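Novice: Need coordinates for the following:
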Amino acid sequence: MRVLRLLICVLVTLLAGTPAAAATYTLTPSQDTDVRQNGGGVANCGACTQLSVRNHSTGEYRPLYQFDLSAIPAGSRLVSATLRLWVTGAENSSVGVYRVTQSWSEGTLTWANSGGVSHDASVVATFTPASSGRYYDIDVASLVALWRAGTANNGLILKIGGNNTLATFTSKEWATA
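Specialist: Below you'll find the model as predicted:
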């Protein structure tokens, strides 16, 4: 299936303290949506099959994704973490990934009730979705390490640069193989 994934590779340490083989965990979002500034900012996209990131004169769109990391054993060492997005609509403009700093619910979140969603000012990673119909892999190990160290896991948000730009990605509701 062409869905969004978070691939996390961790090194599991055995009780004797010797490292075991690396294990990879593939997680789908526990929740995802986008917030849209135009139209009064009241649209909710928690059930949408595609999420958009947009910077336009009529308003921004910002997709959010959150992943439940509880399947990863405590005490394991993070080796890598990759956000894998399937792009359905491309734009040759840089997209930034940011850590969300507020809690949210995919069924109720809107631009109007969140102010565009609180997030860190520092970018975690960037990528440029220059073509559609393919995956883009983004290194988010630093963000996953923060979550595993105890920073609140409120997910991540995407913001696109440029003017009048738009890119779209699958959501967890995307069902086409």
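Novice: can you pull the buried residues of stretch 106-115?
Specialist: Using 16 or more other Cβ atoms under 10 Å as the test for burial, stretch 106-115 gives Glu106, Leu109, Thr110, Trp111, Ala112, Ser114. Where C-beta positions appear, they are placed from N, C-alpha and C, glycine not excepted.
Novice: Now, these that are in helices?
Specialist: Assigned to helices by DSSP state H, the following of these qualify: Trp111, Ala112, Ser114.
Novice: if I look at the last one, how far off is Lys172?
Specialist: So the one you mean is Ser114. Distance from Ser114 to Lys172, counting by Cβ to Cβ, to the nearest Å: 20 Å.
Novice: ok, back up a step: the buried residues of stretch 106-115: which two are farthest apart?
Specialist: The largest distance within the buried residues of stretch 106-115, taken as Cβ to Cβ, falls between Glu106 and Ala112 and amounts to 15.6 Å.
Novice: Point out where this structure drops to low pLDDT.
Specialist: 1-4, 8, 10-21, 176-177 (pLDDT under 70).
Novice: OK, contacts around the spatially most central residue of it?
Specialist: Centrality entry for the chain: nearest residue to the mean C-alpha point is Tyr65, 3.9 Å, by Cα atoms, centre = their mean. Shown in contact with Tyr65 (Cβ atoms under 8 Å, 6 or more residues apart in numbering): Leu4, Leu6, Pro29, Gln31, Asp32, Leu83, Gly155, Leu156.
Novice: can you dump the C-alpha coordinates of stretch 112-124 into PDB?
Specialist: C-alpha atoms of stretch 112-124 as PDB (Å, rounded to 0.1, in the frame of the first residue of the first chain):
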ATOM      1  CA  ALA A 112      -9.400  28.300  13.700                       C
ATOM      2  CA  ASN A 113      -9.100  26.400  16.900                       C
ATOM      3  CA  SER A 114      -5.400  26.000  16.800                       C
ATOM      4  CA  GLY A 115      -4.000  29.200  15.300                       C
ATOM      5  CA  GLY A 116      -2.200  27.100  12.700                       C
ATOM      6  CA  VAL A 117      -0.800  24.600  15.300                       C
ATOM      7  CA  SER A 118       2.000  25.500  17.800                       C
ATOM      8  CA  HIS A 119       5.400  24.100  16.700                       C
ATOM      9  CA  ASP A 120       9.100  24.600  17.300                       C
ATOM     10  CA  ALA A 121      10.600  27.400  15.200                       C
ATOM     11  CA  SER A 122      13.600  25.200  14.400                       C
ATOM     12  CA  VAL A 123      13.300  22.900  11.400                       C
ATOM     13  CA  VAL A 124      14.000  19.200  12.100                       C
END
